[in-house]
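>>> coords below, sequence missing:
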């Protein structure tokens, strides 16, 4: 089937885990491939992904081969594949816009961005790079709160004739205007805000759905998360968190038996703990009532490596977007968005979304 040519916007921890994973599974056999939801989608194994373009704004990454940039500071995710070969794809200077929060320049220099002293490219330059590299899919890995920058790269994808996967909580796939524009161009769109393979939100959703199915009244709940990567450092600026909180909260509300009042549900990042690095610790509490209005509560602590946890989902999202390209499908992809993302155009339960994605990837599926 050949390879899937993608461009990465933001060569951070998530990109590092994805690129490592592509090469990690290259030498694996189907039966020994732990951690994948699907070995093959549309004839594409996990290693059939080629990074043909990449953009960042950190001087420790810009100008370096992607194989080196993914291990450069401030990246701190687990290294599970040390021998990533040189790709011949050099990280290009990206367009900053709102991609860097002001406070990121004020903390210890080895833990934050060091902006490259290079001219910022305009849209025409980015589009030219995408076209010259034959990019088929643009992958958005910008920091939370990068509203203007995310829309800028979505515009570039449209102009370059590429599909777009929006891994962050900026509402593009779930915005009818953007979905219509990608549909008009016949280009697939997946989003918004990638779910981790087994992370805080998917776990919270499953438990909320369990309450509903077992007739337990959920009265109030919270989800608090701590981490030490640049994503958590970036989110110390609370003004960048609106869409993130909306995305995570709606993901849980959507599967509840009844919507909770705003005062009874709190979901969002809690704090930045530097020594945790890419380890994310989640605390969930759920209070409810059983038979006879008898009260109960549940508390859970989940510890995961944040970036590899999302890469396993992204690698499937990429292949589903390519499958849609092969089938001539454009616009927001309902099944992949519902299964892979927290804030899709239309919410479904995880059981429903699972059935939808399995149907979508079946050979001969047309829509």
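That came through, no problem. This is a predicted model, so every value here is computed, not measured.

>>> Secondary structure element holding residue 130?
Using DSSP states H and E, residue 130 sits within helix 123-132.

>>> contacting residues around that helix?
The set of residues external to helix 123-132 that reach it, using C-beta atoms under 8 Å, 6 or more residues apart in numbering, is 7, 53, 55, 92, 94-95, 121, 135, 138, 152-153, 155-157, 159-162. The C-beta positions use only the backbone N, C-alpha and C, and glycine is treated the same way.

>>> Which members of those are positioned in helices?
Counting by DSSP state H, those place 152, 153, 155, 156, 157, 159, 160 in helices.

>>> Which of the residues you listed sits closest to residue 237?
residue 152 (19.7 Å; C-beta to C-beta).

>>> Tell me how many other residues surround the closest one.
Residues near residue 152, counting by other C-beta atoms under 10 Å, number 21.

>>> What of the one 3 residues further on?
By other C-beta under 10 Å, 16 other residues sit near residue 155.

>>> Read off the pLDDT value for the closest residue to it other than its chain neighbours.
Nearest residue to residue 155, sequence neighbours excluded (C-beta to C-beta, 6 or more residues apart in numbering): residue 123, at 6.5 Å. Residue 123 is assigned a pLDDT of 98 by the prediction.

>>> Pull the number of nearby residues for residue 123.
14.

>>> Enumerate the positions of the helix or strand residue 20 falls within that are buried.
Using DSSP H and E, residue 20 falls within helix 13-24. Going by neighbour count (16 or more other C-beta atoms under 10 Å), the buried part of helix 13-24 is 13, 14, 15, 16, 17, 18, 19, 20, 21, 22, 23, 24.

>>> packing partners for it?
Where contact means 3 or more C-beta pairs under 8 Å, 6 or more residues apart in numbering; DSSP states H and E, helix 13-24 is packed against strand 49-56, helix 306-327.

>>> Any buried residues in the last one, and which?
When neighbours are counted by 16+ other C-beta under 10 Å, the buried residues of helix 306-327 are found to be 306-325.

>>> Could you give the average pLDDT over it?
On average, helix 306-327 scores 97.

>>> now the residue nearest to residue 315 when sequence neighbours are not counted, what's its secondary structure?
The shortest distance from residue 315 to any non-neighbouring residue, by C-beta to C-beta, 6+ apart, is to residue 46 (5.4 Å). What DSSP: H, G, I helix; E, B strand; the rest coil gives for residue 46 is coil.

>>> about what we covered before: mind putting the helices and strands packed on helix 13-24 in TSV, distance to residue 85 included?
Output for the helices and strands packed on helix 13-24, formatted as TSV (distance: least, C-beta to C-beta, whole Å):
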stretch	distance to residue 85
strand 49-56	11
helix 306-327	18
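
>>> Out of these, which gets nearest to residue 259?
Closest approach to residue 259 among these (C-beta to C-beta): helix 306-327, 26.0 Å.

>>> Quick check: what element follows the closest one along the chain?
strand 331-332.

>>> List the strands paired with that following strand, with their directions.
strand 188-190 (parallel) (DSSP bridges).

>>> Show me the contact partners of the strand it pairs with.
163-166, 172-173, 178-179, 182, 317, 320-321, 324-325, 329-333, 336-337, 340-341.

>>> Now with 7 Å, please.
With C-beta atoms under 7 Å, 6 or more residues apart in numbering as the contact definition, strand 188-190 has outside contacts at 163-166, 173, 179, 182, 317, 320-321, 324-325, 329-333, 336-337, 340-341.

>>> Could you do stretch 35-50 as well?
Residues from elsewhere that reach stretch 35-50, judged by C-beta under 7 Å, 6+ apart: 1, 3-6, 21-22, 25-26, 30, 33, 312, 315-316, 318-320, 322-323, 326, 361.

>>> In that stretch, which residues are buried?
Quick answer for stretch 35-50 (16+ other C-beta under 10 Å): 35, 36, 38, 41, 42, 44, 45, 46, 47, 48, 49, 50.

>>> how about low-confidence regions in this protein?
1, 105-113, 364-367 (pLDDT under 70).

>>> buried sites along the helix holding residue 130?
Across helix 123-132, burial judged by 16+ other C-beta under 10 Å covers 126, 127, 129, 130.

>>> Might you report the residue contacts of the residue lying closest to the last one once chain neighbours are set aside?
Pointing back at residue 130 there. Leaving aside its sequence neighbours, residue 130 sits nearest to residue 160 (C-beta to C-beta, 6+ apart; 3.7 Å). By C-beta under 7 Å, 6+ apart, residue 160 lies in contact with 127, 130, 131, 135.

>>> Next, work out how far apart residue 160 and residue 153 are.
Relative to residue 153, residue 160 is positioned 10 Å away (criterion: C-beta to C-beta, to the nearest Å).

>>> How about residue 297?
43 Å.

>>> neighbour count winner among these two?
Shown here are residue 297 and residue 153; by other C-beta under 10 Å, residue 153 has more neighbours (28 against 11).

>>> check contacts around that one.
Residue 153 sits next to 9, 138, 140 when contact means C-beta under 7 Å, 6+ apart.

>>> Please repeat the previous calculation with a cut-off of 8 Å.
Counting by C-beta under 8 Å, 6+ apart, residue 153 touches 9, 55, 95, 126, 138, 140, 142, 164.

>>> cool, and residue 54?
Here residue 54 is in contact with 7, 8, 9, 11, 15, 66, 69, 89, 90, 91, 92 (C-beta under 8 Å, 6+ apart).

>>> quick one: which of those is nearest to residue 284?
Nearest to residue 284, judged by C-beta to C-beta, of those is residue 15 at 27.8 Å.

>>> right, and the pair among the buried residues of stretch 35-50 with maximum separation?
35 and 50, at 21.0 Å, using C-beta to C-beta across the buried residues of stretch 35-50.
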